[in-house]
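Visitor: got a structure for you, letters missing:
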């Protein structure tokens, strides 16, 4: 069962009193089936619902010896965390402090000293309660709480996607589950078995007066599924069931053997990785042809072979980057590299024809599904490897020219503050890492891509200028005008300080052009792109904005816009 199915089961309505469905409901067979069926996909480790309570404890598997069933059936656990206390030494009469573990005095010697997976905590006793996950579990499984997913998640090693490992909800009922594979791995590492302790109590609302000695009692034993319980049913004078409860335990052991789990731990069980073939320049043999990126089918400069070099370049349509540019939460595009959230890293270059270039050995480092994605954009080279890349990668020469976009990001990260009467004021608010990650070059002729990058740049520069702080300086310089926007207000301040026209024209026109483009896009979406090469248009704008912000930063550092105390 998945989390939604578990939640749905616990939400099912109580049957009408005295109906045949109600009598069957009090037999509790559905609850027993639920415990078995919910042990495959998402395993409940904590439940508090109207009729259902479940708590879990990990116990060393070597404690489950002999007649452990009766021992575990006597569980009586309170859900507390670590505590402390004190007592008096009977001989010295001195107070002695002690810490108490969370699983202690449970009524079962097997459970005592076990490991709890989840704790129910509250800052104000019955209000503001929340679940706290076992820290050793979170560290070992490398999972992290993601509030918007109501889960503790890990990053998929191949895709970079977030994967829910422990899921929870506290809407109508409090439910917490753990992914079965992750649970099995943790039990394998700790040599433990999971004990689900459950108490299911059902009654006829408004007419049940309590349990009596005459209640019908029975013991349920399911040795195949390691499920044991005491069932008690309360009957009226007509022999109809009025209430019933089921109290017992369910053992969950790892599905795989120790040998299988050890093979997984050591990597012996890993599937053989697959590799794609793409059109590449096999400069070792002087031809363009299809080459596999399988490392075993690639040669190097040190071992003589007939195989193409791993540094053979393959080329791809620039649209290949759009997937990464549209999901900045998951991917980060830097200057010549792409990072997928905790999963993989890839370097790339751009040739003079605008194609994206990878070396075969770099393509091979990607997960196979990602290789297939790149393969779908593969094409014959329209130009060779860029000269600057050849100098850098093959001759080891310093051949990298400054990258305007990276220079702009660097300037914005460390943008200085002005001094206003002894206090620092941020004329430009520092952009977030997420905002900076969205700033990339336009690599296609797509109007949507161009518009997205104009808006992202305007968000950082135009919206980043603080009108409030600029007005403080403008009032001091006697050039304030409440009707002006932040860019025109900045111009007034610069001119009032007596800066040259060249200084002002280096800064203001670039910002005005950007702001005008942004306004046009918002007002006429899809009809605002200039009739020219959008890639070159955007790059020129980036160059102008980089010069503008660098010069403005230099002026602020020099104290040009400072206001004395």
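Guide: Noted; the coordinates are in hand. Just so we're clear, the structure is a prediction, and the values are computed from it rather than from any experiment.
Visitor: which regions of this structure sit below the pLDDT cut-off?
Guide: Scanning the chain for pLDDT under 70 picks out the ranges 124-127, 206-209, 213-214, 399-400, 523-527.
Visitor: which residues does the residue most central in space within it bridge with?
Guide: Centroid-nearest residue in the chain, with C-alpha atoms, centre = their mean: residue 162, separated by 4.7 Å. Counting by DSSP bridges, residue 162 is bridged to residue 155.
Visitor: ok, it to residue 78 distance?
Guide: 34 Å (C-beta to C-beta, to the nearest Å). Every residue, glycine included, has its C-beta placed from N, CA and C.
Visitor: same question, residue 21
Guide: As judged by C-beta to C-beta, residue 21 and residue 78 stand 34 Å apart.
Visitor: swap in residue 86?
Guide: From residue 86 to residue 78 the distance is 20 Å (C-beta to C-beta).
Visitor: quick one, what contacts residue 308?
Guide: Neighbouring residues of residue 308 by C-beta atoms under 8 Å, 6 or more residues apart in numbering: 280, 282, 284, 285, 291, 298, 299, 360.
Visitor: include neighbour count when you put these into CSV, please.
Guide: Shown next, in CSV, are the contacts of residue 308 (neighbours: other C-beta atoms under 10 Å):
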residue, neighbour count
280, 27
282, 18
284, 15
285, 13
291, 23
298, 21
299, 16
360, 26
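Visitor: and stretch 190-204, how far from the chain's centre?
Guide: 31 Å (C-alpha atoms, centre = their mean, to the nearest Å).
Visitor: do the same with stretch 345-358
Guide: Relative to its chain's centre, stretch 345-358 lies at 28 Å (C-alpha atoms, centre = their mean).
Visitor: use 461 as the first number from now on
Guide: Sure, I'll start numbering at 461, so the last one becomes stretch 805-818.
Visitor: residue ranges of the helices in the stretch 611-760 of the chain, please?
Guide: 640-650, 718-726 (DSSP state H, counting those that start in this stretch).
Visitor: who wins for proximity to residue 560 among the ones you listed?
Guide: Counting by C-beta to C-beta, residue 560 lies closest to helix 640-650 out of these; the figure is 21.6 Å.
Visitor: which of the three states applies to residue 853?
Guide: At residue 853 the chain is in helix, as set by DSSP: H, G, I helix; E, B strand; the rest coil.
Visitor: what sits closest to it if chain neighbours are left out?
Guide: Counting by C-beta to C-beta, 6 or more residues apart in numbering, residue 853 lies nearest to residue 771, which is 7.3 Å off, once chain neighbours are set aside.
Visitor: I'd say the one you found and residue 818 touch.
Guide: No. If you go by C-beta atoms under 8 Å, residue 771 and residue 818 don't touch, sitting 10.4 Å apart.
Visitor: between these two, which is the more surrounded one?
Guide: Set residue 771 next to residue 818 and count neighbours by other C-beta atoms under 10 Å: residue 818 wins out with 25 against 18.
Visitor: helices or strands up against the helix or strand that one falls within?
Guide: For residue 818, the host element (DSSP states H and E) is strand 816-819. Packing contacts for strand 816-819, counted by 3 or more C-beta pairs under 8 Å, 6 or more residues apart in numbering; DSSP states H and E, involve strand 773-776, strand 809-810.
Visitor: turn the ones you listed into TSV, including distance to residue 852 and mean neighbour count.
Guide: Converted to TSV, the helices and strands packed on strand 816-819 look like this (distance: least, C-beta to C-beta, whole Å; neighbours: other C-beta atoms under 10 Å):
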stretch	distance to residue 852	mean neighbour count
strand 773-776	13	25
strand 809-810	9	18
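Visitor: reformat the ones you listed as JSON lines; add distance to residue 991.
Guide: Formatted as JSON lines, these follow (distance: least, C-beta to C-beta, whole Å):
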{"stretch": "strand 773-776", "distance to residue 991": "27"}
{"stretch": "strand 809-810", "distance to residue 991": "24"}
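Visitor: for the ones you listed, which one sits closest to residue 942?
Guide: strand 809-810 (46.3 Å).
Visitor: can you name the residues in contact with stretch 939-953?
Guide: In contact with stretch 939-953 (C-beta under 8 Å, 6+ apart) are residues 887, 922, 925-927, 930-931, 933-934, 937, 955-956, 964, 967-968, 971-972, 975, 1021.
Visitor: recalculate using a threshold of 6 Å.
Guide: Outside stretch 939-953, the residues that touch it by C-beta atoms under 6 Å, 6 or more residues apart in numbering are 925, 927, 930, 931, 933, 934, 937, 956, 968, 971, 972.
Visitor: and the furthest pair within those?
Guide: Using C-beta to C-beta, the two most remote members of these are 937 and 972, lying 20.3 Å apart.
Visitor: spatially nearest residue to residue 541 (excluding sequence neighbours)?
Guide: Spatial nearest neighbour of residue 541, excluding adjacent residues (C-beta to C-beta, 6+ apart): residue 579 at 4.7 Å.
Visitor: and that neighbour, which of the three is it?
Guide: strand.
Visitor: what about it, how many neighbours?
Guide: Neighbours around residue 579, by other C-beta under 10 Å: 16.
Visitor: how much space between it and residue 697?
Guide: Distance from residue 579 to residue 697, by C-beta to C-beta: 45 Å.
Visitor: again with residue 608
Guide: Distance from residue 608 to residue 697, by C-beta to C-beta: 55 Å.
Visitor: and residue 956, by the same measure?
Guide: Using C-beta to C-beta, residue 956 is found at 97 Å from residue 697.
Visitor: more neighbours: the two, which one.
Guide: residue 956 (16 against 5).
Visitor: tell me the secondary structure for the nearest residue to residue 914 once chain neighbours are set aside?
Guide: Excluding the flanking residues, the one nearest residue 914 by C-beta to C-beta, 6+ apart is residue 977, at 5.0 Å. Under three-state DSSP, residue 977 falls in the helix class.
Visitor: pretty sure residue 977 sits against residue 913.
Guide: No. Judged on C-beta atoms under 6 Å, residue 977 makes no contact with residue 913 at a distance of 10.3 Å.
Visitor: would you confirm that residue 779 contacts residue 905?
Guide: No. Between residue 779 and residue 905 there is no contact under C-beta under 6 Å: 9.5 Å.
Visitor: contacting residues around the helix or strand containing residue 911?
Guide: According to DSSP H and E, residue 911 maps onto helix 907-921. With C-beta under 6 Å, 6+ apart as the test, helix 907-921 has contacts from 891, 895, 898, 899, 902, 974, 977, 978, 981, 989, 994, 998.
Visitor: format those as a markdown table; extra columns: distance to residue 505, neighbour count and secondary structure.
Guide: Formatted as a markdown table, the contacts of helix 907-921 follow (distance: C-beta to C-beta, whole Å; neighbours: other C-beta atoms under 10 Å; DSSP: H, G, I helix; E, B strand; the rest coil):
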| residue | distance to residue 505 | neighbour count | secondary structure |
| --- | --- | --- | --- |
| 891 | 41 | 21 | coil |
| 895 | 39 | 18 | helix |
| 898 | 39 | 20 | coil |
| 899 | 43 | 20 | coil |
| 902 | 49 | 24 | coil |
| 974 | 53 | 23 | helix |
| 977 | 54 | 23 | helix |
| 978 | 50 | 21 | helix |
| 981 | 50 | 20 | helix |
| 989 | 54 | 18 | coil |
| 994 | 53 | 21 | helix |
| 998 | 51 | 22 | helix |
